[in-house]
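Q: Sequence first, predicted model second:
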Amino acid sequence: MRLTVIGCGYVGLVTGACLAAAGHEVFCTDIDEKRIAQLKAGKVPIYEEHLDEVLNRAVAEKKISYTSDAGEAIRAGEVIFICVGTPPKESGEADLSAIDHVARQIATEARTSKLVVEKSTVPALTGVQLQRALAAYSRGGELKFAVASNPEFLREGTAVEDFFHPDRIVVGVEGAESAAKLREIYRPILERNFHCPVHSGKCPSGTAGELLVTTINSAELIKHASNSFLALKISYANVIADLCERIGADVEEVTHAMGVDPRIGTQFLKAGLGFGGFCFPKDIQAFIHLSASVGVEFDMLKAAERVNKQRIDRFFDKVHKALWVIKGKRIAVLGLAFKANTDDIRFAPALDVIRRLLEEGAEVHATDPQAISRTKTIYPQITYHEDPYEAVKGADAALVCTEWQVFRKLDWERAGKLMARRLVIDGRNLYTPKKMQELGFDYHSFGRH
Ligand code: UGA
């Protein structure tokens, strides 16, 4: 099928690339001409495992093309995926002006009827507004615009794998025709009939994801309800970690045993510096805002958000206790990205950690496998090292902020010899306390002794 993707950010690019790999012809457009020029030149503007490979293959097979002419892209596709940003406003409410702008473009530029699919994360009831906007901007013309909601559940760092091997594909529609179109679009994924770059054709056996057809309002709610629940789980684990510290229990033992119960599950119970990124922090706020706007108090989400914000304070309590005075100390920060396998630093806990260190007069030396250049634009005044061993050289303390595999595997025997003092404050619980103590480290983590 001929598909249009509007918005070449993270969601748009992964969606476009993977749908092209599934055999569709995809036309991508973005308001940012520089980004389109980059893509045309074969450069992928974000770091996401396997994405460049899938995109290059799609380009070579002429399955994907890029244009900064939105009208051209809109006219080319039978189905249009809206993948534009919905950033938070000051109030926490989602800013939907980009969706409104795209609705106007679709209504005025289309020459045939279209199915318009919301892929951006939007608050419930956006579909109703989108439908109204399309009708209003097309001024009662002949063309028909059906609206659908198809939220994405991709995780940064494993987005390509998640797209090809989803647990579920949710399509919120108004009628059977839209459902049939979306089922057709996702058929190769559901039937596992595509070239999988992640497993080179040998995908693990097991069931393919399920396609769940719902109403548009339900689909929109499913996305926010899922993300907020996961955020809630993380904050829950973090409070348990605080309790463990007071009581003398071990949070890893507690959350593991909790998670063995299939009703709970082990995932998203990792205690530490808390959640960051451009999804959980903004989605939880938008969900709180949406609930309040329809008269439903969602206090437990407010508590989850508060717990998350306090993680930085808890972390600094540990730093102060172990290091006493921060001023004038050389501190290594291991990890800048909000999580491993991405260069994304939006709402990354590491940025708050660096801000606090600088406020308190520390000399900061930071390292990250992917996120250095992005962080430099925010903190040009600190020193960056590609090599983690260079970062810890001469350091009075090392603070671990991201769960990168390279940090997990760091040779602390070697690192310890380079440091001025063997002190590690681990915001991601990467190491075994006993082993670190055996290596002579003063080692602190969350919820463990
Ligand atoms: C999240 C959801 O997991 C995806 O399903 C969703 O599609 C996406 O948001 C989105 O709305 O676009 P993502 O933001 O990429 O994905 O990252 P996660 O892997 O969910 O991690 C979020 C944060 O929680 C990270 O900072 C991570 O370090 C932290 N985290 C995660 C914990 O602190 N503890 C855990 O146990 C798990």
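A: Looks like it came in fine. Computed from a predicted model, the values in this text were never measured in an experiment.

Q: what about Ile169, helix or strand, and which?
A: strand 168-172 (DSSP states H and E).

Q: Residues in contact with that strand: which ones?
A: Strand 168-172 is contacted from outside by 127, 148-151, 153, 178-179, 182-183, 186, 189-190, 209-220, 222-223, using Cβ atoms under 8 Å, 6 or more residues apart in numbering. In this view, the C-beta of every residue, glycine as well, is placed from N, C-alpha and C.

Q: try 7 Å this time
A: Residues outside strand 168-172 that contact it (Cβ atoms under 7 Å, 6 or more residues apart in numbering): 127, 148-151, 179, 182, 186, 209-216, 218-220, 222.

Q: again, but for stretch 157-167
A: Defining contact as Cβ under 7 Å, 6+ apart, one finds that stretch 157-167 is touched by 14, 18, 48-51, 54, 153-155, 189, 194, 196-198, 203, 209, 339-342.

Q: Please repeat the previous calculation with a cut-off of 8 Å.
A: 10, 14-15, 17-18, 21, 48-51, 54, 152-155, 189, 194, 196-198, 203, 208-210, 339-342.

Q: Return only those of the contacts of strand 168-172 found close to the ligand.
A: Checked against the ligand using Cβ under 6 Å from any ligand atom, these yield no neighbours at all.

Q: Can you flag the buried ones in those?
A: For those, a burial check counting by 16 or more other Cβ atoms under 10 Å picks out 127, 148-151, 179, 182, 186, 209, 211, 213-214, 216, 219-220, 222.

Q: How about stretch 166-186, which residues are buried there?
A: For stretch 166-186, by 16+ other Cβ under 10 Å, it's 166, 169-173, 178-179, 181-182, 185-186.

Q: wait, stretch 217-232
A: Residues 219-224, 227-228, 230-232 are the ones in stretch 217-232 that count as buried (16+ other Cβ under 10 Å).

Q: now the residues you listed as CSV including distance to Ser65, secondary structure and pLDDT?
A: Shown next, in CSV, are those (distance: Cβ to Cβ, whole Å; DSSP: H, G, I helix; E, B strand; the rest coil; pLDDT from 0 to 100):
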residue, distance to Ser65, secondary structure, pLDDT
Ala219, 29, helix, 96
Glu220, 30, helix, 95
Leu221, 34, helix, 95
Ile222, 32, helix, 96
Lys223, 29, helix, 93
His224, 33, helix, 93
Asn227, 32, helix, 95
Ser228, 37, helix, 96
Leu230, 35, helix, 97
Ala231, 37, helix, 97
Leu232, 41, helix, 97
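
Q: Output those in JSON lines, with distance to Val59 appended to each entry.
A: Formatted as JSON lines, the buried residues of stretch 217-232 follow (distance: Cβ to Cβ, whole Å):
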{"residue": "Ala219", "distance to Val59": "31"}
{"residue": "Glu220", "distance to Val59": "33"}
{"residue": "Leu221", "distance to Val59": "36"}
{"residue": "Ile222", "distance to Val59": "33"}
{"residue": "Lys223", "distance to Val59": "30"}
{"residue": "His224", "distance to Val59": "34"}
{"residue": "Asn227", "distance to Val59": "32"}
{"residue": "Ser228", "distance to Val59": "37"}
{"residue": "Leu230", "distance to Val59": "34"}
{"residue": "Ala231", "distance to Val59": "36"}
{"residue": "Leu232", "distance to Val59": "41"}
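
Q: Please tell me how far the residue nearest the centre of the chain sits from Leu230.
A: Nearest to the geometric centre of the chain sits Glu156, at 4.5 Å (Cα atoms, centre = their mean). Distance from Glu156 to Leu230, counting by Cβ to Cβ, to the nearest Å: 14 Å.

Q: any residues in contact with both of these two?
A: By Cβ under 8 Å, 6+ apart, no residue touches both Glu156 and Leu230.

Q: residue ranges for the helices of the stretch 51-200 of the chain, please.
A: Using DSSP state H, counting those that start in this stretch, the helices of the stretch 51-200 of the chain run over residues 51-60, 70-76, 97-109, 126-137, 159-164, 176-190.

Q: swap in the stretch 201-350 of the chain?
A: Secondary structure of the stretch 201-350 of the chain (DSSP H, counting those that start in this stretch): helices at 216-247, 251-260, 280-293, 299-323, 349-359.

Q: and the second one, is it in reach of the ligand?
A: No: Helix 251-260 does not reach the ligand (Cβ under 6 Å from any ligand atom); its nearest approach is 8.5 Å.

Q: Mind giving me the packing neighbours of that helix?
A: helix 216-247 (3 or more Cβ pairs under 8 Å, 6 or more residues apart in numbering; DSSP states H and E).

Q: Tell me the gap between the helix it packs on and the middle of its chain.
A: Per Cα atoms, centre = their mean, to the nearest Å, the displacement of helix 216-247 from the mean C-alpha position of its chain is 15 Å.

Q: Just want the angle from that helix to helix 251-260.
A: Angle of helix 216-247 versus helix 251-260, following axes from the mean of the first three to the mean of the last three Cα atoms, to 10 degrees, is 140 degrees.
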